[in-house]
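A.B. asks: turn this into a structure:
(2 chains)
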Amino acid sequence: GESVGLHLPTLSVQEGDNSIINCAYSNSASDYFIWYKQESGKGPQFIIDIRSNMDKRQGQRVTVLLNKTVKHLSLQIAATQPGDSAVYFCAETFQGAQKLVFGQGTRLTINP
Amino acid sequence: GAGVSQSPRYKVAKRGQDVALRCDPISGHVSLFWYQQALGQGPEFLTYFQNEAQLDKSGLPSDRFFAERPEGSVSTLKIQRTQQEDSAVYLCASSQEWSVVDEQYFGPGTRLTVT
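C.D. replies: Here you go, the predicted structure:
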């Protein structure tokens, strides 16, 4: 399943399928990007980050892709599990800044 | 401690009351951030401390909001004369170093409801 940035805040996928969550960032000066996972009643939890000198970074079951030309970021989750159900936020910042700027988020739900 | 803690977890205030929200960062973390998260939205930056120095308060919505970190550890976010639009989850985060690119660890948040 795939979401389209901030205009489709909910993504439903079958357990075991791959999930793709998209994010369009706003600041062309941003050079550091992070994906966070937020479960109900909890604070955001770091998943994976990427710097602007890279276009792909892989973690455990997750991959982040960065396309600076179109200012687009995506998070791919392989073999989605029930524990992946959460809201996923992208965040951007740049060296010298003192703050993260978060996107609206996408809610990922897993169908058994 | 194991992580960032915040108290209270839930706060209900009548409009016009003052509230104080507490954040206990991870011990030794230099940087501390406050964010406001409205329902269904991403967190929005409020303010940033490096040790006891408040280096950025550009995100505070009005002069009714005040934050402090007097000894460079625990921080308090105070909201005076609360309004209904202040209802949100207030998140605190800390990071080990001064750079914003250092991983931020978030607390569970305080859910403030103004009635």
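
A.B. asks: contacts and neighbour counts: CA atoms only from here.
C.D. replies: Noted.

A.B. asks: and chain A, which of its residues are near chain B?
C.D. replies: Proximity of chain A to chain B, by CA under 8 Å from any CA of the partner chain, involves residues A:32, A:41-46, A:89, A:93-105.

A.B. asks: point out the residues in chain B that sit beside chain A.
C.D. replies: So far as CA under 8 Å from any CA goes, chain B lies against chain A at B:40-45, B:48, B:56, B:91, B:99-101, B:103-109.

A.B. asks: from these, which land in strands?
C.D. replies: Judged by DSSP state E, the residues of chain B next to chain A include B:44, B:45, B:48, B:56, B:91, B:105, B:106 as members of strands.

A.B. asks: what about chain B, any weak spots by pLDDT?
C.D. replies: Chain B contains residues with pLDDT under 70 at B:1, B:99-101.

A.B. asks: rerun that using 80 as the cut-off
C.D. replies: Within chain B, the segments meeting pLDDT under 80 span B:1-2, B:98-102.

A.B. asks: who touches the most centrally placed residue in it in this structure?
C.D. replies: Closest residue to the average C-alpha location of chain B: residue B:34 at 3.3 Å, with CA atoms, centre = their mean. Contact analysis of residue B:34 by CA atoms under 8 Å, 6 or more residues apart in numbering or on different chains lists B:45, B:46, B:47, B:48, B:90, B:91, B:92, B:93.

A.B. asks: so where's chain A uncertain?
C.D. replies: Within chain A, the ranges that satisfy pLDDT under 80 run A:1-8, A:95-98.

A.B. asks: hey, where'd the strands end up in it?
C.D. replies: Going by DSSP E, chain A shows strands at A:10-14, A:19-24, A:32-38, A:45-51, A:56-58, A:62-67, A:72-77, A:86-93, A:101-102, A:106-111.
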